[in-house]
Each structure stands twice: as structure tokens, then as C-alpha cells.
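S.K.: sequence and predicted model, in that order:
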Amino acid sequence: MNRGLARALVRLYPRRWRERYGAELAALLEDRPGGVGAVFDVLGSALGERAFPTLGGEMLGGNSRLENWSVRAPWAVFWFAPLLMLAAAYFVALMILWSGWRIFLPGSRTPFVPIHGWAIAYFGVGRVLYFFAPMLVGFVVAWSATRARVRPMWPLLGMALIAWADGMAQVHTRWPTAGASGRVWMTLELGHLGYAPELLAISLLLYLLLRVRQKRAQTA
């Protein structure tokens, strides 16, 4: 792997982890073949290290807090935590929509109108977050389940829950009036599937690919 890429990937880990294992990991990455698979392995490991630190254990594995919590409270790891992550992403996306409405479209009755200039980039951040956050959360669930080696029931139900929540999510806006300020909010509408089937299919495919990759690594 390219030295610059290896060092950039090492920087994704927490500072204390880098101080202990950074040089060793950088040397290991430089000696192994590059590729998308290797990059995703390190990205997933770095994300897991920030969420569930394993400082004091093995560099890229071992009995981490993720594995411990996956055994003690799998509902929290694969249901509650992903839903909380998705809710946080939606909150930031709605804040971007509301603030952009006030900044760039103060005279518009709705923020869903043609935009130009800097407004495209500003609203674009919110749109990317809104549409891709469920997919990212699904990836986190799939990767966490593969790393913790839990029964498929928990991650499958977690991915289905994320897809269902994403399908029900609907954004609403209200034009400011003399008696009330403008509002941007979200509701969950039962019976509205949206892109839920597609999102679930992508998450399941990713989970299966990670499982196959893990089994091949174990038998190699």
C-alpha cells in the first residue's frame, strides 16, 4: 500500500491508540497489498475503535468492548445505537434545511425550490446526509456484527429497523406567519415504505460480503 495512504488511514484512529499502535499499523499496511477491501477494513476498524475502544487489547482484534456489549446487550448495539445515530444525522440535516431556508431563501414559502450559487453547496450537505446516513448506519451495523461475530438475528433485525425508519421518515415545512415562525420537522408515517426495500437489500448484501470475507480470512 502507498505510504501516504497508509499514514492517512492510521490518522483515523484515536490519538491514544495511534501513540501505541500507529507505527506498527503503518508498517503493516505498507507491506500489504492495497485495494478497496483493505481500505474498508481499516476504515471499519478505526470507526469501531472510536466507538468501542480496545486500548490495551490486540491491535486489530481481541475481546473489545464491542464484543462484550454485543453479548451483554445486543439490542443496544444493533437497535438502539443505530437508531440514535440515524436520529442525530436527521437532526443535523433538518437544521441545515431550516438555516439554509432562512439564509438563502428568506422570501420563499418553501425551501424546496430551485437554488443557485452557494445555496447549492449548503443544501447539498444536508441532502447527502439525509439520503446517505441510513446507508452508512446500515454499514456500521453490518461491520459491527461481523467483527463481534454475533448471531445473524440481531444485525438483520437492526438493519430492517433502520430501513423501516428511513422509509417512514417524512420532512415537513411550515411557512412563517405573523403569529408563528417557520418550522421544519419530521414525522414517521406508517405504511410509507419509500426506499426501505432497496436500503435493506444493500445492507444485507454488504453484511453477506463481510461474512464471506471473514470466513475466507479464517480459513486462509
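M.R.: Ah, there it is.
S.K.: remind me which helix or strand the residue lying closest to Leu105 once chain neighbours are set aside belongs to.
M.R.: Counting by C-beta to C-beta, 6 or more residues apart in numbering, the nearest residue to Leu105 once its immediate chain neighbours are dropped is Pro111, at 5.7 Å. For every residue, glycine as well, the C-beta is placed using N, CA and C. Per DSSP states H and E: Pro111 is located in neither a helix nor a strand.
S.K.: correct me, but Pro111 touches Thr173?
M.R.: Yes. Look at Pro111 against Thr173 with C-beta atoms under 8 Å: they come within range, at 6.2 Å.
S.K.: joint contacts of these two?
M.R.: The contact sets of Pro111 and Thr173 overlap at 97, 101, 184 (C-beta atoms under 8 Å, 6 or more residues apart in numbering).
S.K.: in the protein, which spans are helices?
M.R.: 3-10, 15-31, 36-51, 65-72, 74-75, 81-104, 118-148, 153-168, 196-219 (DSSP state H).
S.K.: winner for burial among those helices?
M.R.: Counting by mean count of other C-beta atoms under 10 Å, helix 153-168 has the highest mean neighbour count of these, with a mean of 21.
S.K.: that one to helix 196-219, inter-axis angle?
M.R.: 150 degrees (axes from the mean of the first three to the mean of the last three C-alpha atoms, to 10 degrees).
S.K.: give me the below-cutoff pLDDT ranges for this structure.
M.R.: 34-37, 40, 44, 48, 50-66, 178-181, 220 (pLDDT under 70).
S.K.: let's go with 50 and repeat that
M.R.: 56-57, 61-63 (pLDDT under 50).
S.K.: if we compare the helices of the chain, which one ends up closest to Thr177?
M.R.: helix 81-104 (14.6 Å; C-beta to C-beta).
S.K.: what comes into contact with that closest one?
M.R.: Here helix 81-104 has contacts from 108, 111, 115, 118-119, 122-123, 125-127, 129-130, 133-134, 136-138, 140-141, 158, 161-162, 165-166, 169, 171, 173, 182-186, using C-beta under 8 Å, 6+ apart.
S.K.: can you tell me how far the closest residue to Val184 other than its chain neighbours is from Val171?
M.R.: In space, and not counting its chain neighbours, Val184 is closest to Trp98: 4.2 Å by C-beta to C-beta, 6+ apart. As for Trp98, its distance to Val171 is 10 Å (criterion: C-beta to C-beta, to the nearest Å).
S.K.: and for Leu188?
M.R.: Look at Leu188 and Val171: by C-beta to C-beta, they are 11 Å apart.
S.K.: repeat that for Val113.
M.R.: Per C-beta to C-beta, Val113 is found 14 Å from Val171.
S.K.: which of these two has more residues huddled nearby?
M.R.: Val171 (15 against 11; other C-beta atoms under 10 Å).
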